[in-house]
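Novice: what follows is a protein structure lacking sequence information:
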């Protein structure tokens, strides 16, 4: 049996990907190289962004928190455990071919099994290892090179999560943009333009647009609409009218709001609201 259950790359494209709730046949490692997302692990939502390493354990049910994954670029690999889809002892039992000794498996178990947090700023070594591992697997599965890269990645992951996550050091301009984007969900209903967003960061519009694209994978207007639509989802689920929701989220008309909502979720605001109400009535 192979030491690796799944692996591959995601590249941004026009097709909106779905990431349904699922479990894996082992420990999954995901390196995000572009874009942002919200993923759910055992009912708990975590934000991920470019530069993060995200891991899930064999027994953890996880998937996208929203209907579509937009403009994500990532590399992923699932390193198989002997007992797939099962509880915590799985982390102490790995395929013999991987060559993990008992002391290392215990370190992995102690480091990973009880972590509530799954997204961590990737170390430079992990940022190198994960894409190299996926590329190696694409050439020859279970090669000596692939197993060596996997062992190195597991050791570095254990070291990464054993300590508090370090603050990423960014250039001042990029740091200002990231801080602005972190605050934008709380004020996304304001009448933002490209110029006003750039000015809030003390940047020219071209540089601002370039940094937003680099950090999130989206142009500024699309990112702004992403936050507005997320707010709209919450309001619609609370029985707000479509028109009231549109204006409360910064849209100038309910027609434009409906167009943007459909682009993100593949359905109209009314359809989304009806489905949300049906789920609520069913669970009541």
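Specialist: Received it, and whenever you're ready, just let me know what you need. All values reported here derive from a predicted model rather than from experimental measurement. Numbers count the residues shown, from 1 in each chain.

Novice: how far does the one helix or strand residue 260 maps to sit from the chain's center?
Specialist: Using DSSP states H and E, the element containing residue 260 is helix 254-265. Distance of helix 254-265 from the chain centroid (Cα atoms, centre = their mean, to the nearest Å) equals 23 Å.

Novice: and the end-to-end length of stretch 25-41?
Specialist: In stretch 25-41, first residue to last residue: 15 Å (Cα to Cα, to the nearest Å).

Novice: which of the residues in that stretch are buried?
Specialist: Across stretch 25-41, burial judged by 16 or more other Cβ atoms under 10 Å covers 25-37, 39-41. C-betas here are computed from N, CA, C, even on glycine.

Novice: hmm, back to that, which other helices and strands contact the helix holding residue 260?
Specialist: helix 220-237, helix 242-248, helix 269-283 (3 or more Cβ pairs under 8 Å, 6 or more residues apart in numbering; DSSP states H and E).

Novice: could you dump the ones you listed to a markdown table with distance to residue 214, mean pLDDT and mean neighbour count?
Specialist: Shown next, in a markdown table, are the helices and strands packed on helix 254-265 (distance: least, Cβ to Cβ, whole Å; pLDDT from 0 to 100; neighbours: other Cβ atoms under 10 Å):
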| stretch | distance to residue 214 | mean pLDDT | mean neighbour count |
| --- | --- | --- | --- |
| helix 220-237 | 12 | 89 | 20 |
| helix 242-248 | 30 | 95 | 17 |
| helix 269-283 | 31 | 75 | 14 |
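
Novice: distance to residue 256 added to these, as CSV?
Specialist: Shown next, in CSV, are the helices and strands packed on helix 254-265 (distance: least, Cβ to Cβ, whole Å):
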stretch, distance to residue 256
helix 220-237, 10
helix 242-248, 8
helix 269-283, 11
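
Novice: who wins for proximity to residue 134 among those helices?
Specialist: Proximity to residue 134 (Cβ to Cβ) singles out helix 220-237 among these, at 27.2 Å.

Novice: the one helix or strand residue 75 maps to pairs with which strands, parallel or anti?
Specialist: Following DSSP H and E, the helix or strand that holds residue 75 is strand 73-80. Paired neighbours of strand 73-80 in the sheet (DSSP bridges): strand 4-10 (antiparallel), strand 26-34 (antiparallel).

Novice: mean confidence for the last one?
Specialist: This means strand 26-34. Strand 26-34 shows an average pLDDT of 92 in the prediction.

Novice: with the shortest one instead?
Specialist: When pLDDT is averaged over strand 4-10, the result is 93.

Novice: same question, stretch 198-211
Specialist: Here stretch 198-211 scores 95 as its mean pLDDT.

Novice: could I get the buried residue list for the next helix or strand after the strand holding residue 75?
Specialist: Next helix or strand after strand 73-80 toward the C-terminus (DSSP H and E): helix 102-112. Residues of helix 102-112 classed as buried: 104-105, 107-109, 111-112 (neighbour count, 16+ other Cβ under 10 Å).

Novice: mind putting those residues into CSV with pLDDT?
Specialist: Shown next, in CSV, are the buried residues of helix 102-112 (pLDDT from 0 to 100):
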residue, pLDDT
104, 78
105, 82
107, 79
108, 82
109, 80
111, 81
112, 84
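
Novice: and the residues you listed, which is closest to residue 234?
Specialist: The closest of these, once distances to residue 234 are taken by Cβ to Cβ, is residue 112, at 32.1 Å.

Novice: what's the pLDDT at residue 258?
Specialist: Value for residue 258, per-residue pLDDT: 95.

Novice: I figured it hits residue 242, correct?
Specialist: Yes. Residue 258 is within contact range of residue 242, at 7.2 Å (criterion: Cβ atoms under 8 Å).
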